[in-house]
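**Student:** sequence and predicted model, in that order:
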Amino acid sequence: MIRLLLTLTVDVARLLFRSRLELVVENLALRQQVAVFKQKRSRPRLGVGDRIFWVFLRRAWRNWASCLILVDPDTVVGWQRQGFRLFWRLKSRAKRVGRPRISPELRELIRRMASENGWGAPRIHGELRKLGVVVDERTVSRYLPKIPTPQDTLQRWMAFLRNHRDCLAGMDFFTVPTSTFQFLWVFFVIQHARRQVLHWAVTDRPGAQWIVQQLREAFPFDTAPRYVLLDRDGKYGEAAPATLKTLGVTPVRTAYRSPWQNALAERWVGSVRRELLAHVVVFSQAQLRRLLADYVAYYLQDRCHLALDKDAPRGRALSLKSSPTACVIALPRVGGLHHRYEWCQAA
């Protein structure tokens with residue numbers, strides 16, 4: 001009873017001391033939805049202007065979801081992502097970024113040279129240059145017949161990962177779009193043995209020197225593993241591998257377009273996108289750092305992993321039922337997106 005009275009008191013105080021601007025914004029949001037309901041249709045529909053209104057209202061007003069009646073809040077997040085994709089599609093089309101497509105005749109010639117001689121991209125590229133054909137070697141490799149990876153190569157790589165999992169880590173980047181259609185880069189290092197995220201950082205300007213500093217922070221005081229997996233991203237340059245070698249680490253580069261060779265890092269990126277980024281709209285670096293800090297703490301301390309016998313990377317103690325009257329309570333994590341469940345003695 002006392003708890004109910006306190007809740008009512010807080011709600012009444014909040015209503016009395018609300019600012020006039022907040023009341024105006026709330027009134028505007030409600031009027032906009034009433035206007036949609038007044039449409040002479042069997043089912044109200046939100047137009048482009050209505051969607052833009054709610055996307056910007058979500059950014060400007062923190063209590064926007066309390067007045068939203070027509071659709072779910074996740075739908076508004078989806079509208080923002082659609083706008084992001086449309087913005088970059090139009091921007092890319094206007095700038096015409098990328099190399100021009102080659103003609104079908106040239107594609108057929110590349111495949112013919114490969115089948116008749118068994119050549120790879122460098123040899124075919126050289127032959128095309130002698131014919132006066134100006135084309136990039138990467139373009140040649142793109143149109144070569146796809147040859148499946150030999151089974152023994154897969155077995156050797158899997159054996160390497162399995163035999164060195166205790167002294168192996170992976171590093172990678174992934175991008176996060178913001179509400180203003182900008183990109184933020186997230187750098188992380190993850191350990192293979194217990195799936196522990198050793199280090200992560202956010203920036204809007206990833207460069208080789210910045211990556212070098214992150215590597216030094218990731219492996220302080222002779223804690224570096226024996227091997228680190230990294231792809232052939234141009235952001236690493238020559239400085240990042242050189243820094244790993246000075247730390248006593250052997251950098252292992254994955255093959256071109258082979259993300260499966262650093263599968264553990266790719267799986268963690270997928271987990272972050274599905275379990276966190278798919279439910280929020282990022283406005284700034286500070287917000288993204290706060291969200292990732294909460295998620296990494298949940299990932300390491302609470303989240304169960306199949307590969308770890310359904311345990312957390314840092315180990316999670318069993319919560320035993322202490323008495324017949326005990327009940328299961330939910331402990332919110334990552335702002336309520338996920339929960340941890342434990343037994344608690346009933347009051």
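**Tutor:** Structure's in. What do you need? Numbering: from 1, shown residues only.
**Student:** strands of the stretch 51-200 of the chain, residue ranges please.
**Tutor:** 168-177, 183-191, 197-203 (DSSP state E, counting those that start in this stretch).
**Student:** next, the buried residues of the second one.
**Tutor:** This means strand 183-191. Neighbour counts using 16 or more other C-beta atoms under 10 Å place 184, 185, 186, 187, 188, 189, 190, 191 of strand 183-191 among the buried residues. Placement of C-beta: from N, CA and C, glycine included.
**Student:** ok, the fifth one touching residue 196?
**Tutor:** No - at 11.0 Å, residue 188 does not count as touching residue 196 under the criterion of C-beta atoms under 8 Å.
**Student:** okay, the strands of the stretch 51-200 of the chain in JSON lines with mean pLDDT and distance to residue 256 next?
**Tutor:** Conversion of these to JSON lines gives the following (pLDDT from 0 to 100; distance: least, C-beta to C-beta, whole Å):
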{"stretch": "strand 168-177", "mean pLDDT": "95", "distance to residue 256": "15"}
{"stretch": "strand 183-191", "mean pLDDT": "96", "distance to residue 256": "21"}
{"stretch": "strand 197-203", "mean pLDDT": "96", "distance to residue 256": "25"}
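**Student:** distance to residue 345 for these - can I get that in JSON lines?
**Tutor:** Compiled in JSON lines, those are given as follows (distance: least, C-beta to C-beta, whole Å):
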{"stretch": "strand 168-177", "distance to residue 345": "41"}
{"stretch": "strand 183-191", "distance to residue 345": "37"}
{"stretch": "strand 197-203", "distance to residue 345": "34"}
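**Student:** which one, of these, ends up nearest to residue 244?
**Tutor:** When the strands of the stretch 51-200 of the chain are compared by C-beta to C-beta, strand 168-177 sits nearest residue 244, at 9.0 Å.
**Student:** so which of the strands of the stretch 51-200 of the chain is nearest residue 321?
**Tutor:** strand 197-203 (31.8 Å).
**Student:** may I have the strands that pair with the closest one, each with its orientation?
**Tutor:** With DSSP bridges as the test, strand 197-203 is paired with strand 183-191 (antiparallel).
**Student:** and the angle from the partner strand to strand 168-177?
**Tutor:** With axes from the mean of the first three to the mean of the last three C-alpha atoms, to 10 degrees defining the directions, strand 183-191 sits at 160 degrees from strand 168-177.
**Student:** which residues touch strand 183-191?
**Tutor:** 168-178, 196-204, 206, 211, 214-215, 218, 225, 228, 264-265, 268, 272, 282, 285, 288, 292 (C-beta atoms under 8 Å, 6 or more residues apart in numbering).
**Student:** with just CA atoms, put it into CSV.
**Tutor:** This file holds the C-alpha atoms of strand 183-191, laid out as CSV (Å, rounded to 0.1, in the frame of the first residue of the first chain):
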residue,chain,number,x,y,z
PHE,A,183,29.0,6.2,-39.5
LEU,A,184,30.7,5.3,-36.2
TRP,A,185,33.3,2.5,-36.2
VAL,A,186,33.5,0.0,-33.3
PHE,A,187,36.9,-1.7,-32.8
PHE,A,188,37.1,-4.8,-30.6
VAL,A,189,39.3,-7.7,-29.6
ILE,A,190,37.8,-11.0,-28.5
GLN,A,191,39.5,-14.0,-26.9
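**Student:** who does residue 177 bridge with?
**Tutor:** Bridge pairing for residue 177 - DSSP bridges - gives residue 183.
**Student:** that one touches residue 84, doesn't it?
**Tutor:** Yes - using C-beta under 8 Å, residue 177 is in contact with residue 84, at 5.0 Å.
**Student:** the helices in the protein, which residues?
**Tutor:** 2-16, 20-37, 48-60, 73-95, 104-117, 121-130, 137-142, 151-163, 208-218, 239-246, 263-275, 285-301 (DSSP state H).
**Student:** can you tell which of the ones you listed is closest to residue 344?
**Tutor:** Between the helices of the chain, helix 2-16 lies closest to residue 344; by C-beta to C-beta that is 16.5 Å.
**Student:** quick one: contacts for residue 171?
**Tutor:** 187, 188, 189, 190, 215, 218, 228, 229, 230, 265.
**Student:** adding distance to residue 239 as columns, could you present those in JSON lines?
**Tutor:** JSON lines is the format used below for those (distance: C-beta to C-beta, whole Å):
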{"residue": "187", "distance to residue 239": "14"}
{"residue": "188", "distance to residue 239": "18"}
{"residue": "189", "distance to residue 239": "16"}
{"residue": "190", "distance to residue 239": "21"}
{"residue": "215", "distance to residue 239": "9"}
{"residue": "218", "distance to residue 239": "15"}
{"residue": "228", "distance to residue 239": "14"}
{"residue": "229", "distance to residue 239": "18"}
{"residue": "230", "distance to residue 239": "12"}
{"residue": "265", "distance to residue 239": "20"}
